[in-house]
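Enquirer: need a 3D model of the sequence below.
(2 chains)
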Amino acid sequence: MALLETQGIAKTYRLGDIAVNALRDVSLSIGKGEFMAIMGPSGSGKSTFMNVLGCLDKPTEGRYMLEGVDVAHMSRDELATIRNKKLGFVFQGFNLLSRTSALENVELPLLYDGLSAKERRQRAASALAVVGLAGREGHHPNQLSGGQQQRVAIARALVNSAPIILADEPTGNLDTRTSVEIMELFVKLNEESNITIILVTHEKDIAAFSRRRIFFRDGVVVSDETVR
Amino acid sequence: MIMINIPSTFKISFRALRVNKMRSALTTLGIIIGVGAVITMLAVGKGASQKISEFISSIGSNILMVFPGATTAGGVRMGAGTQSTLTLGDAEAIQRESPAVSDVAPVLGGVAQVVYGNQNWSTGVTGTTSAMFTGRDWQVATGRQFNEQDVSSAAKVCLLGQTVVDNLFGGIDPVGQVVRIRNVPFVVIGVLEGKGQSPSGQDQDDVVYIPITTAQKKLFGTAFPGMIRMMYVKAKSTEDLSSAEKQINELLRQRHHIGQKQDNDFTVRNLTQILQASEQSAKMMTLLLGAIASVSLLVGGIGIMNIMLVSVTERTREIGIRMAVGAKTWDIRLQFIIEALILSMIGGVAGIVLGVSSSQIISMIFGWPTIISAVSIVLAFGFSGVVGIFFGFYPAYKASLLDPIEALRYE
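Expert: Sure thing, here's the model as predicted:
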């Protein structure tokens, strides 16, 4: 059984009188432990597809099975629980809470899982250690470099032991050297912890770290290639 | 299932409020003023009605006052002498014949100079009987009361109020001393216990009491023998007040030979009723003041709502992040409601401090009595909490409905 499976997903936006088909009949199957890059020009539907995969958006049509459960028509709160337990997010702009320490940022998903303060702190600290930020628990985002901030965000995605990490242009705001470091971290997590990583990027260099590449154009998948 | 981590939510809320210290403080100020105003107004109102209640008990309960004359018939006042129609005989008759009456205290008096040694003091000298004191539960502090003998023999004895004692006798025990009232020597037989000020500011201790008969014969006698100025009548109980009033009317009309169509040549006034009415109006006043003060609390609540709406907009991105990592509808709502609640509760506590201290200041500066009741504090504090939840709910509701994708994109 595939970890993630979309069956004939479509997403239509209405802009005034015009219907925009952001996604059209996308059927994909993603297995456990895959490292996949989603590519395509802007407006191709790759971000919409990520939002659907991330349970942040609901498709207009089709089914989306996550670990065999159809989540396409779940309620807001049910989707929030799925995001909390199954998915980790890494964004281009880091999206950390300012004026909040690295440790507390990483604790955030655990807060909504109802864990005790002590357990939250322990798990957040070990997640920070995994991304190489041990000793920086008390730093606030504005005291950390871009690369470090993105590591905090990755630790936040890891902390709930989610099987899937969704990364939307995770290196878009970083220089080349830092980008490589971040990508190596993803590779390590994928290989050592068997975490499924799905990454949106428009840079070939970044996509090169993945083993499967999907190209979107005008809301449909135009190519799906697996390397190695 | 909603999993809510209250201590952590409180921590988050406190931090959010600390970020905008000035803004939080100003928002809280609205509630502080509201709660403070409610407590102060209730304290002032309660103080006023308490004072009236005290006065009622100081004049004695179930008291009727009977005055002579002062009646008019068809706009024309009755001839001279109609105002001096009450006599000691009337008082005795009421005491004897009205079953609803327990005590009758006749009064005849005036202002006179009281001299002791080289000290003198002008004060109200009142002739009465011992019923005056039993009816009002007024005891002597030292010495003794009038007795039957003093009244029947028109003895030249007197009881002094505390103020008179202070002004005439510097530290000497006045009991047994002789004072002269309009040059008539009187033996001081007792000193009345202090009664303090009446609500109108009159010193109830600036008095000298002498037997009614002595007043008539030695000091304030007129051409009408046995004449008295007025009388206090005490009914047996509150229920007996109206029947006592009726009995007095009938008896006096009969004694004064007043015909069917003639008006009374006396007036019976029910002071207790008048005071109870004013006590009632003081309570209404308290309610009114409290209601007006509540409006300012309401305005404070609107201030909270306003600032919370601004805060939700400013923190759209934060809300998006929280939603992305798994915050559910009620996690978000609760966070903002708790923030509003913290603002209003801090305002509530500070408002109680403000209300209590401003009540004390009002008491001190204006000399108004103020009473801070536990009920008014609990009420104001509880109300501020309700205001926080009520006005915090809409912004919280708005925050919880944000679309996570839109919220994450918000700059």
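Enquirer: ok now the helix or strand B:E54 falls within, how far from the chain's centre?
Expert: Using DSSP states H and E, B:E54 maps to helix B:21-59. Put simply, helix B:21-59 sits 14 Å off its chain's centre (C-alpha atoms, centre = their mean, to the nearest Å).
Enquirer: show me what it is packed up against.
Expert: Where contact means 3 or more C-beta pairs under 8 Å, 6 or more residues apart in numbering or on different chains; DSSP states H and E, helix B:21-59 is packed against helix B:271-314, helix B:329-366, helix B:374-400. Quick note: C-beta positions are derived from backbone N, CA and C, even for glycine.
Enquirer: mind listing what's buried in it?
Expert: B:24, B:27-28, B:30-49, B:51-52, B:55-56, B:58-59 (16 or more other C-beta atoms under 10 Å in any protein chain shown).
Enquirer: what does stretch B:290-302 give?
Expert: For stretch B:290-302, by 16+ other C-beta under 10 Å, it's B:G290, B:A293, B:S294, B:S296, B:L297, B:L298, B:G300, B:G301.
Enquirer: what's the closest of the helices and strands packed on helix B:21-59 to B:L17?
Expert: With C-beta to C-beta as the measure, helix B:329-366 is the member of the helices and strands packed on helix B:21-59 nearest B:L17 (6.2 Å).
Enquirer: counting by contacts, list what that closest one packs against.
Expert: Partner elements for helix B:329-366 (3+ C-beta pairs under 8 Å, 6+ apart): helix A:76-86, helix B:6-19, helix B:21-59, helix B:271-314, helix B:316-324, helix B:374-400.
Enquirer: need those in CSV (columns: distance to B:G226 and mean pLDDT).
Expert: Below are the helices and strands packed on helix B:329-366 laid out as CSV (distance: least, C-beta to C-beta, whole Å; pLDDT from 0 to 100):
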stretch, distance to B:G226, mean pLDDT
helix A:76-86, 93, 94
helix B:6-19, 80, 83
helix B:21-59, 26, 87
helix B:271-314, 25, 87
helix B:316-324, 91, 95
helix B:374-400, 53, 91
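Enquirer: need these in CSV with distance to B:A93, can you?
Expert: Formatted as CSV, the helices and strands packed on helix B:329-366 follow (distance: least, C-beta to C-beta, whole Å):
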stretch, distance to B:A93
helix A:76-86, 87
helix B:6-19, 77
helix B:21-59, 24
helix B:271-314, 21
helix B:316-324, 87
helix B:374-400, 49
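Enquirer: out of those, which gets nearest to B:D203?
Expert: helix B:21-59 (12.4 Å).
Enquirer: next helix or strand past the closest one?
Expert: strand B:63-68.
Enquirer: for that following strand, name the packing helices and strands.
Expert: strand B:230-235, helix B:241-255, strand B:266-270, helix B:271-314.
Enquirer: name the stretch among those that sits most buried.
Expert: strand B:230-235 (a mean of 24; mean count of other C-beta atoms under 10 Å in any protein chain shown).
Enquirer: pLDDT of that strand, averaged?
Expert: What strand B:230-235 shows for mean pLDDT is 88.
Enquirer: can I get it in PDB, CA atoms only?
Expert: The C-alpha coordinates for strand B:230-235 follow below in PDB (Å, rounded to 0.1, in the frame of the first residue of the first chain):
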ATOM      1  CA  MET B 230     -45.500  68.200  69.800                       C
ATOM      2  CA  MET B 231     -45.300  64.600  70.800                       C
ATOM      3  CA  TYR B 232     -43.600  61.500  69.700                       C
ATOM      4  CA  VAL B 233     -45.800  58.400  69.700                       C
ATOM      5  CA  LYS B 234     -44.300  54.900  69.400                       C
ATOM      6  CA  ALA B 235     -46.600  52.200  68.000                       C
END
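Enquirer: ok, residues contacting that strand?
Expert: Applying C-beta atoms under 8 Å, 6 or more residues apart in numbering or on different chains, the external contacts of strand B:230-235 come out as B:60, B:62-68, B:86, B:90-91, B:94, B:100-107, B:131-132, B:135-136, B:241, B:243-244, B:248.
Enquirer: and the one residue sitting closest to the centre of chain A, how close does it get to A:F215?
Expert: Centroid-nearest residue in chain A, with C-alpha atoms, centre = their mean: A:L166, separated by 1.3 Å. Distance of A:L166 to A:F215, given as C-beta to C-beta, to the nearest Å: 18 Å.
Enquirer: same question for B:E406.
Expert: B:E406 is 27 Å from A:F215, by C-beta to C-beta.
Enquirer: check B:A215 too.
Expert: 119 Å.
Enquirer: also A:K32?
Expert: A:K32 is 23 Å from A:F215, by C-beta to C-beta.
Enquirer: mind listing what B:M323 touches?
Expert: Counting by C-beta under 8 Å, 6+ apart, B:M323 has contacts A:A80, B:I332, B:L402, B:P404, B:A407.
Enquirer: I'd assumed B:E318 was in contact with the third one.
Expert: No. Using C-beta atoms under 8 Å, B:L402 makes no contact with B:E318, being 10.5 Å away.
Enquirer: and the residue of chain A closest to chain B?
Expert: The minimum distance from chain A to chain B, using C-beta to the nearest C-beta, falls at A:N84 (2.5 Å).
Enquirer: could you tell me how many residues sit around that residue?
Expert: 25 (other C-beta atoms under 10 Å in any protein chain shown).
Enquirer: OK, now which residue of the stretch 251-400 of chain B is nearest to chain A?
Expert: For the stretch 251-400 of chain B, C-beta to the nearest C-beta, closest residue to chain A: B:G326, 2.5 Å.
Enquirer: which helix or strand contains that residue?
Expert: Per DSSP H and E, there is no helix or strand for B:G326.
Enquirer: who's in contact with the residue lying closest to it once chain neighbours are set aside?
Expert: Spatially, and ignoring its direct neighbours in sequence, B:G326 is nearest to A:N84 (2.5 Å; C-beta to C-beta, 6 or more residues apart in numbering or on different chains). By C-beta under 8 Å, 6+ apart, the residues touching A:N84 are A:P109, A:Y112, A:D113, A:N160, B:V325, B:G326.
Enquirer: thank you, goodbye.
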